[in-house]
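here is the input, now give the coordinates:
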Amino acid sequence: MAPHDGLGIKDDGLGDESDVSTRLDFDEAPAQLAHECIGETPEERAAALELLRHTINSRMELPDRTEDDFLIKFLRARGFCVEKAYRLMVRYYKFKEEHPKFHKGVYPLRLTFIGDDDVISVFPYRDQTGRRTIIYR
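Reported below is the predicted structural model:
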């Protein structure tokens, strides 16, 4: 089961609850979307990941978390500018340290009441560019 399965996203009756099309799909072609939106290429990605890892290791002020999937989120958020991605990571960890009440003891599988109470709904179809539409009430 993928980490995002079972988050309590409510099926609005337009499809079978086990039907993947009624669930959030966080893994839909992220590399293709990143290429279209910010011009990410495999070569640029590899070089930026290497440089960001080097920056993290040389400055030694962040936890040593350097797996690709984690770092790429910061790089994409800052258009592959390594210095900006690094500063975002510093702010991310600072926020986590200063505000533990927002993330400690939070388990996604215990948040199913959000879907059960119709706080969040996901359309069973996609928009004209193929993205999911989420309604938050």
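
now do the buried residues in the helix or strand of the chain with the lowest mean pLDDT.
When each helix and strand of the chain is scored by mean pLDDT, DSSP states H and E, helix 30-38 comes last, with a mean of 71. Neighbour-count burial for helix 30-38, counted by 16 or more other C-beta atoms under 10 Å, picks out Ala34. From N, CA and C alone the C-beta is placed, and that goes for glycine too.

next structured bit after it?
Along the chain past helix 30-38, the next helix or strand (assigned with DSSP states H and E) turns out to be helix 42-59.

next, the angle helix 30-38 makes with that next one.
With axes from the mean of the first three to the mean of the last three C-alpha atoms, to 10 degrees applied, the angle from helix 42-59 to helix 30-38 works out at 90 degrees.

what comes into contact with helix 42-59?
Counting by C-beta atoms under 8 Å, 6 or more residues apart in numbering, the neighbours of helix 42-59 from elsewhere in the structure are 31, 62, 64, 66, 68, 71-72, 74-75, 80, 82-83, 85-86, 89.

which SSE is immediately downstream of it?
Beyond helix 42-59 in the direction of the C-terminus, DSSP H and E gives the next helix or strand as helix 68-77.

the spatially closest residue to Tyr93 that is not a sequence neighbour and Thr112, how far apart?
Taking C-beta to C-beta, 6 or more residues apart in numbering, and ignoring the residues beside it in sequence, Tyr93 has Leu62 as its nearest neighbour in space, at 5.8 Å. Distance of Leu62 to Thr112, given as C-beta to C-beta, to the nearest Å: 33 Å.
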